[in-house]
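Student: Give the three-dimensional model of this entry:
(one chain, ligands or ions: 1)
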Amino acid sequence: MNNPVVLVIEDDVPVRNLIVTTLKTHEYRFLTAKDGAEAIMMASSHNPDVVFLDLGLPDMDGIDVIRQIRSWSNMPIIVISARSEDTDKIEALDAGADDYLTKPFSVEELLARLRVTLRRLSLINSDSAGDRSVYTNGKLTIDYAAGVACLDGEELKLTSMEYKLLCLLAKNTGKVLTHTYITQSIWGRNWDSDIASLRVFMTTLRKKIEPDRDSPKYIQTHVGIGYRMLRVD
Ligand code: CA
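Tutor: As a prediction, this is how the structure comes out:
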């Protein structure tokens, strides 16, 4: 694979320069856009591997940039937001963003998010080629056809709800899933009581799959936002 191309959408010049310098130093290729209109044009004409998107753009809301790109492409979008409110992140994730960074962020954090996203991308590409029905992540395996999940070769005794939840997270490994997304996928609706139930199911699922509950390896909590299945080596 050639060095990945990252489209950086950011109107704030110092932040854009920081991102671009970081990408250059780590031998990523990059394109830049300073507003939403230019961003959409660049995304459609250059088809980048990953997009970094600032939500606060001068000409349009970043959420609308996500919606427009999602109308024709699944390219990974990592949102960069100065707004610390969780509602913006949730809205961006529900509109189809893959991940988010909150300003101010460190260069290491930026690179880590980029690596997670690229790994997810290469996995999706290899999955669609082989159309595999067994999921493997660290010591965790799920045989979708048989409906069986194992940890370290031992079959897990999961309730049907825990199994559904595990499959949903596994199929979106590397991606942050919001509470709303999860409850709608599982129950087809989103009530406050569903989010409370989700927490309970998540706790029981974790007891079964996390060897060390104090430092979970597989499922990451995003407080007030949702959960993500991490790729474990
Ligand atoms: Ca901005």
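Student: Show me what counts as buried in stretch 187-197.
Tutor: Within stretch 187-197, the residues that qualify as buried are Asn190, Asp194, counting by 16 or more other Cβ atoms under 10 Å. Where you see a C-beta, it was placed from the backbone N, CA and C, and this is true even at glycine.
Student: Kindly report the same for stretch 88-102.
Tutor: 88-101.
Student: Stretch 111-118 now?
Tutor: Here stretch 111-118 shows Arg113, Leu114, Val116, Thr117, Leu118 as buried, counting by 16+ other Cβ under 10 Å.
Student: How far off centre is it?
Tutor: Computed by Cα atoms, centre = their mean, to the nearest Å, the chain-centroid distance of stretch 111-118 equals 10 Å.
Student: Which residues does it contact?
Tutor: Stretch 111-118 is contacted from outside by 4, 6, 22, 26, 28, 49-50, 76, 78, 98-99, 101, 174, 230-231, using Cβ atoms under 8 Å, 6 or more residues apart in numbering.
Student: measure the most centrally placed residue in the chain to Thr136 for me?
Tutor: When Cα atoms, centre = their mean is applied to the chain, the residue found nearest the centroid is Lys175 (2.3 Å). Distance from Lys175 to Thr136, counting by Cβ to Cβ, to the nearest Å: 18 Å.
Student: and what of Gly147?
Tutor: Taking Cβ to Cβ, one finds Gly147 at 16 Å from Thr136.
Student: Likewise for Glu38?
Tutor: 41 Å.
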